[in-house]
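>>> What follows is a predicted protein model with its sequence.
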Amino acid sequence: MILTSQDIETIKKVGYPVKFFVSEQNGWLQLKNDKGRCVFHNGTFCVIYDHRPKGCVLYPVVYDKDHRCAILDRDCPQKHCFTLSDTKSEQLATLISLLEDERTERKKDKK
């Protein structure tokens, strides 16, 4: 899950150090995984559910790069319980724009 700066600040305020949950790949800041699952998933539930990242809130709505639109994640076993609304699609588009802007700034700052 890719993280916004605000996501990171929110999780830090809960008491987790950035090194515990953030990894960087090609300018993207994302949640670390441990044994195939998010570091905040204990095998039963998300331990930061009330403070989870925006992308997690929107899930299973994800961006399909090939078709350039929002879809329900094909790999989500519970996708049948959700609908893809215009509101969720717009929220995802806004989130993607923010993430791309933040990544651009990070990459510019490293030069």
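Everything's here; your move.

>>> Strands of the chain, residue ranges please.
22-25, 28-31, 33-34, 37-38, 61-64, 69-72 (DSSP state E).

>>> and Ser5, which of those is closest to it?
Nearest to Ser5 among those is strand 28-31 (8.0 Å), distances taken as CB to CB. Bear in mind the C-beta positions are built from the backbone N, C-alpha and C, glycine included.

>>> quick one: contacts of that closest one?
Strand 28-31 has contacts (CB atoms under 8 Å, 6 or more residues apart in numbering) with 1-3, 5, 8, 21-24, 38-40, 53, 99, 102-103, 106.

>>> Quick check: which helices or strands does the longest helix along the chain pack against?
The longest helix of the chain (DSSP state H) is helix 86-110. Helix 86-110 sits against strand 28-31, helix 54-58, strand 61-64, strand 69-72, with contacts defined as 3 or more CB pairs under 8 Å, 6 or more residues apart in numbering; DSSP states H and E.

>>> Let's have these in a markdown table, adding mean neighbour count, mean pLDDT and distance to Phe82.
What follows is the helices and strands packed on helix 86-110, written out as a markdown table (neighbours: other CB atoms under 10 Å; pLDDT from 0 to 100; distance: least, CB to CB, whole Å):
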| stretch | mean neighbour count | mean pLDDT | distance to Phe82 |
| --- | --- | --- | --- |
| strand 28-31 | 18 | 96 | 21 |
| helix 54-58 | 17 | 96 | 10 |
| strand 61-64 | 17 | 94 | 7 |
| strand 69-72 | 17 | 94 | 6 |
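
>>> Now tabulate these in a markdown table and tack on distance to Thr87.
Listed next are the helices and strands packed on helix 86-110 as a markdown table, based on distance: least, CB to CB, whole Å:
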| stretch | distance to Thr87 |
| --- | --- |
| strand 28-31 | 24 |
| helix 54-58 | 10 |
| strand 61-64 | 10 |
| strand 69-72 | 11 |
